[in-house]
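# Based on what follows, work out the 3D shape:
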Amino acid sequence: MATAVVIDGAFFLRRFNKAFPGLDAASADDVAFGVVRLAAFHVSIRLQATPGWFGATGPAQAAQESAELYRIFFYDCPPLTKRIHTPVGRRSINLATTPEARLRLAIHDRLHRTRKVAVRLGRLNDKLSPWRLKPQALDRWQKDGFAQADDDFELDVIQKGVDMRLGLDIAAMAYKRQVNQIVLVAADADFVPPAKLARREGVDIVLDPLGAHAAPDLLQHVDGVRSCRLDVTSLAQGAAS
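Predicted structure coming up:
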């Protein structure tokens, strides 16, 4: 049985610490290793200490490939890299130099160089005013008076094109009979249409919400739920297991 692992990247990164408590979510190498470990959890891949899986410049840990794994698809957006001003203090911020942006770009670069992983990138919306009010700010204003501060706001960004790319890839794999099974790592009801389409084409859909609560209508249109949670104490120890 050929299996594709389809990962909603933003969701995966939000759940990373809970799914892989022994790995570091701030390390691009650990995140890439977590992606491989996730695939190994669902597909017959035996991790071993031989080079190759992470690419020529990656760590020595690798995986013995299985014909059952078709490909790992990782869907995400590159971070915003423009200059913006904070909403109250009007302080200039270069988003390209923030730790969050650097980490996201490093993760994408590492995954691009990881064997059997295809990275599909959408884009983030580019608003004139990318700020939104934090929910807790209203509570503070009610207690302390209407005194705005930059900490009361957060970036308001929306992914564009990610769901479409994910849906098109699932449809293509189903219609072309490239896989018999798709492991969908997500929890959002937006993925109901591609899941329904693939099931109608005879593809076995396994949902992995990484221990989160999946949308009830998404649960109705999959063939099973199997959540990955691996206590990997370190990158090296995990690869040697």
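
# List the buried residues in stretch 90-106.
Buried residues in stretch 90-106, defined by neighbour count with 16 or more other Cβ atoms under 10 Å: 101, 103-104, 106. In short, each C-beta sits where N, CA and C put it, glycine included.

# Does Thr114 touch Val35 like I think?
Yes: counting by Cβ atoms under 8 Å, Thr114 touches Val35, with 7.1 Å between them.

# ok, the residue nearest to Asn180 when sequence neighbours are not counted - contacts?
Here the nearest residue to Asn180 in space, its sequence neighbours aside, is Met1; by Cβ to Cβ, 6 or more residues apart in numbering that works out to 4.4 Å. By Cβ atoms under 8 Å, 6 or more residues apart in numbering, the residues touching Met1 are 68, 180-181, 204.

# Tell me the most packed of the residues you listed, by neighbour count.
Neighbour counts for those (other Cβ atoms under 10 Å) peak at Gln181, which has 19 neighbours.

# Give me the more crowded residue out of Thr114 and Val35.
When neighbours are counted by other Cβ under 10 Å, Thr114 and Val35 differ, and Val35 comes out ahead with 25 against 21.

# In terms of helices and strands, where is that one?
Assessed by DSSP states H and E, Val35 sits inside helix 28-42.

# From the chain's centre, how far out is that helix? Work that out for me.
Computed by Cα atoms, centre = their mean, to the nearest Å, the chain-centroid distance of helix 28-42 equals 11 Å.

# With just CA atoms, put it into PDB.
Extracted C-alpha coordinates of helix 28-42, given in PDB (Å, rounded to 0.1, in the frame of the first residue of the first chain):
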ATOM      1  CA  ALA A  28      15.000  23.400  12.300                       C
ATOM      2  CA  ASP A  29      16.800  20.100  12.400                       C
ATOM      3  CA  ASP A  30      14.500  18.900  15.200                       C
ATOM      4  CA  VAL A  31      11.400  20.000  13.300                       C
ATOM      5  CA  ALA A  32      12.600  18.200  10.200                       C
ATOM      6  CA  PHE A  33      13.400  15.100  12.200                       C
ATOM      7  CA  GLY A  34       9.900  15.300  13.800                       C
ATOM      8  CA  VAL A  35       8.400  15.300  10.300                       C
ATOM      9  CA  VAL A  36      10.300  12.100   9.500                       C
ATOM     10  CA  ARG A  37       9.300  10.600  12.800                       C
ATOM     11  CA  LEU A  38       5.700  11.300  12.100                       C
ATOM     12  CA  ALA A  39       5.900   9.500   8.800                       C
ATOM     13  CA  ALA A  40       7.700   6.600  10.500                       C
ATOM     14  CA  PHE A  41       4.900   6.400  13.000                       C
ATOM     15  CA  HIS A  42       2.300   5.900  10.200                       C
END
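
# mind listing the helices in the protein by residue range?
Taking DSSP state H as the criterion, the chain contains helices spanning 9-14, 16-19, 28-42, 99-112, 135-144, 162-175, 192-200, 216-219, 235-240.

# what's the least confident stretch among those?
Mean pLDDT values for the helices of the chain show the minimum at helix 235-240, a mean of 44.

# related to what we said a few turns ago, using JSON lines, please lay out the helices of the chain together with distance to Thr81.
Output for these, formatted as JSON lines (distance: least, Cβ to Cβ, whole Å):
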{"stretch": "helix 9-14", "distance to Thr81": "17"}
{"stretch": "helix 16-19", "distance to Thr81": "23"}
{"stretch": "helix 28-42", "distance to Thr81": "17"}
{"stretch": "helix 99-112", "distance to Thr81": "6"}
{"stretch": "helix 135-144", "distance to Thr81": "26"}
{"stretch": "helix 162-175", "distance to Thr81": "18"}
{"stretch": "helix 192-200", "distance to Thr81": "30"}
{"stretch": "helix 216-219", "distance to Thr81": "33"}
{"stretch": "helix 235-240", "distance to Thr81": "28"}
